[in-house]
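> 3D, please:
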Amino acid sequence: MDEEEVDAETSRLPENQLQISRNNEATFNCNIGHSELHYTAQKLAERVAEVEKTGTITSKKSRFSPYFNIPLNREGSPKSSQKLPDFDKLGNLPLGRTLALQQVYTNIAASKDEALQDDSQQWQDRCFTQAEKIQHLFESQDNSDVTFHVGEEKEEITAHRFILILSSPVFEAMFRSNWTEALTQNAIEIPDIEPLAFRRLLRFAYTDSAILDNETVMPILYAARKYQIKVLEFLCIEYLGDNLTPANTFFLLDQAKNFDIPVLIEMCLEQIDHYTTDYFSSDGFLEVSYESLCCIIKRDTLRIRELALFQCVLRWLNAECERRGIDATTSNKREILGHALYSIRFPLISVEEFADVVAASQLLEDKDCVNLFRYFATKKNKLDIPFSFQRRDGEEIVINRFQRIESRWGYNGTPDRVKFQVDAPICLKGFGLFGSMSKTINYSVTMEVSNSNSGAVIAKAKRELQTDGTSEIFRVFFDDPAQIHIMAQKVFEEL
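Predicted coordinates:
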């Protein structure tokens, strides 16, 4: 058999397993694992750090594979004096390999430590990963090629154009001109961003790490939006969402409106919807802008009684008069509130409360006051009243007592009662009742919610109800949602 025949024979063997040497002696190369492998400096750094910390390799960190060189004869079989290794047992050979790798990682760690301690070493050698090298550029500003004058004091801050181009399409457009020409340009003026906020924006551009706090998050958010660094913008909004409180929500709402950040506006408004009473009782509410006040008090989803809302608006008016340095007279309050007065839904207030609080404040014009009294007396002439009759319901949540109905039960005329307890303030709109399953029947229903400890009645209503003979639940509501406070046990009674 000549060399051509040998090549033809060996070509049928598995790829990378047979090689022919010049002396016609074949060598069998056994490589455990044939897939392409990808190595990263970050993973290597983690393996080195593990050896530094523990002194051992605690898991299979290496992708090295042992090679075995086995002489073969011209037919491609092992020589008679050679024995193939037991491939099933190759996985049990890590002891020597592990010791070797442990020495490799130990040497790498020592080399790294030596580079860190030796100032004569190149900084590239002292930084193990690309991330560390870029962070070094941020901290040292070696080879920086652009200068900014930031803030009113024109603080000088340098950076690297390439890093900024990677992070921001605005910077990319700014530096798109010829690089040689750009390098000779004067410093770029940025008067509308605070130096600390700009430095933290640069830190994020270099390191993907954002340092946020209550003092700087809004300036950083403004800078991120200006330079269209979306991820940093999202991180700022996430931080604000995690830190909304009655003390800062109204301020953040004003800022979100000024910067036109819809997602932050909606986040603040939803928080106010859920905790309306607490937020309106805070000092932060007294600082809210007129524009934000108008936006808030017209919402259908506020969880607050209309009389309480009116009283909160009066508190805000007194604070606004003080801010403007004017007397808190009725005429001044009316002028400040303007058309926002008509966002308060006075028809939803009881006639007694209207007379004692609203009319006594003299905030309403005489004509509006008279028309409202006529409405309370007759429940007519709605067209003469420029105020909304729609209730503020908030987000409706339905709690089901049963998961399913498996059978019917009789009713003997006695009251049905349910005792319940809450761990957060709620507004109880009403209840769902079952009716007759045999035919259409009219019911006269009296509903009452009382405190199980004191017996005080919290809400009560009488309703006429018609059921249609199905197993559907029929909803019955109170005139005004009942305010249920935390941990108070309540009893619902249906007569």
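
> mind showing which ranges of the stretch 251-400 of the chain have poor pLDDT?
Along the stretch 251-400 of the chain, the parts satisfying pLDDT under 70 run over 381, 394-395.

> tell me the strands in it, going along the chain?
Read by DSSP state E, counting those that start in this stretch, the stretch 251-400 of the chain holds no strands at all.

> Tell me where it has helices.
262-274, 276-280, 283-286, 290-297, 306-324, 330-337, 351-353, 359-361, 366-378 (DSSP state H, counting those that start in this stretch).

> Please identify the deepest-packed of those helices.
When the helices of the stretch 251-400 of the chain are scored by mean count of other Cβ atoms under 10 Å, the highest mean neighbour count falls to helix 276-280 (a mean of 21). For the C-beta atoms, the positions are set from N, CA and C on the backbone; glycine is no exception.

> one step back: TSV for the helices of the stretch 251-400 of the chain, including distance to residue 159?
Shown next, in TSV, are those (distance: least, Cβ to Cβ, whole Å):
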stretch	distance to residue 159
helix 262-274	28
helix 276-280	41
helix 283-286	37
helix 290-297	36
helix 306-324	41
helix 330-337	47
helix 351-353	62
helix 359-361	58
helix 366-378	61
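
> For residue 478, which of these is the nearest?
For these, the distance to residue 478 is smallest for helix 306-324, at 14.5 Å, taking Cβ to Cβ.

> Show me how far the closest one is from its chain's centre.
Helix 306-324 has its average C-alpha position 32 Å from the chain's average C-alpha position, going by Cα atoms, centre = their mean, to the nearest Å.

> what's the angle between that helix and helix 290-297?
Here helix 306-324 runs at an angle of 180 degrees relative to helix 290-297 (axes from the mean of the first three to the mean of the last three Cα atoms, to 10 degrees).

> Going by contacts, tell me the helices and strands next to helix 306-324.
Counting contacts by 3 or more Cβ pairs under 8 Å, 6 or more residues apart in numbering; DSSP states H and E, helix 306-324 packs against helix 276-280, helix 283-286, helix 290-297, helix 330-337.

> Next, the angle from it to helix 330-337.
Here helix 306-324 runs at an angle of 100 degrees relative to helix 330-337 (the same axes, to 10 degrees).

> what does helix 306-324 contact?
Applying Cβ atoms under 8 Å, 6 or more residues apart in numbering, the contact partners of helix 306-324 are 277, 280-281, 285-288, 290, 293, 297, 302, 304, 327-328, 332-333, 336-337, 344-346, 348-350, 353, 357-358, 361, 363, 392.

> do the same with stretch 328-343
Contacts to stretch 328-343, defined as Cβ under 8 Å, 6+ apart, come from residues 290, 293-294, 297-298, 313-314, 317-318, 320-322, 324, 326, 361-364, 386-388.

> And it, how far out from the chain middle?
The answer for stretch 328-343 is 38 Å, by Cα atoms, centre = their mean.

> i'd like the first residue to be 463 from this point on
Okay, using 463 as the starting number, the last item reads as stretch 790-805.

> Ends of that stretch, what's the gap?
For stretch 790-805, the first and last residues are 21 Å from each other (Cα to Cα, to the nearest Å).

> On the three-state scheme, the spatially most central residue of the chain is what?
Nearest residue to the geometric centre of the chain (Cα atoms, centre = their mean): residue 700, 4.3 Å. What DSSP: H, G, I helix; E, B strand; the rest coil gives for residue 700 is helix.

> rewinding a little: in CSV: the helices and strands packed on helix 768-786, plus distance to residue 876.
Listed next are the helices and strands packed on helix 768-786 as CSV, based on distance: least, Cβ to Cβ, whole Å:
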stretch, distance to residue 876
helix 738-742, 36
helix 745-748, 47
helix 752-759, 45
helix 792-799, 52
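
> Out of these, flag the one nearest residue 627.
helix 752-759 (37.8 Å).

> Now do the closest residue in space to residue 631 that isn't next to it in sequence against residue 827, distance only.
Spatial nearest neighbour of residue 631, chain neighbours left out: residue 690 (5.3 Å); criterion: Cβ to Cβ, 6 or more residues apart in numbering. For residue 690, the distance to residue 827 equals 49 Å [Cβ to Cβ, to the nearest Å].

> neighbour-wise, which of those two wins?
Each of residue 690 and residue 827 has its neighbours counted (other Cβ atoms under 10 Å); residue 690 has more, 15 against 11.

> So that one lies in a helix, does it not?
No. Counting by three-state DSSP, residue 690 is not part of a helix but coil.

> Report pLDDT for it.
Per-residue confidence (pLDDT) for residue 690: 95.

> and what of residue 493?
We note a pLDDT of 50 for residue 493 in this prediction.

> Ok, residue 479 next?
For residue 479, the pLDDT comes out at 44.

> do the same with the one 5 residues further on
pLDDT for residue 484: 46.

> shouldn't residue 733 be in contact with residue 706?
Yes. Using Cβ atoms under 8 Å, residue 733 makes contact with residue 706 at a distance of 5.1 Å.

> ok, residue 683 - contacts?
695, 698-699, 702, 721, 723.

> buried stuff in the helix or strand encompassing residue 905?
Here residue 905 sits within strand 903-913, counting by DSSP states H and E. Across strand 903-913, burial judged by 16 or more other Cβ atoms under 10 Å covers 905, 909-912.

> That one pairs with which strands?
Applying DSSP bridges, strand 903-913 is found paired with strand 919-929 (antiparallel), strand 952-956 (antiparallel).

> Residues contacting the first one, please?
Same thing as strand 919-929. With Cβ under 8 Å, 6+ apart, strand 919-929 has contacts from 890, 892, 895-898, 902-913, 936, 938-942, 944-946, 952.

> how far is it from where the chain is centred?
That offset, for strand 919-929, works out to 42 Å (Cα atoms, centre = their mean).

> Look up how far residue 919 lies from the residue nearest to the centre of the chain.
Distance, residue 700 to residue 919, by Cβ to Cβ: 45 Å.
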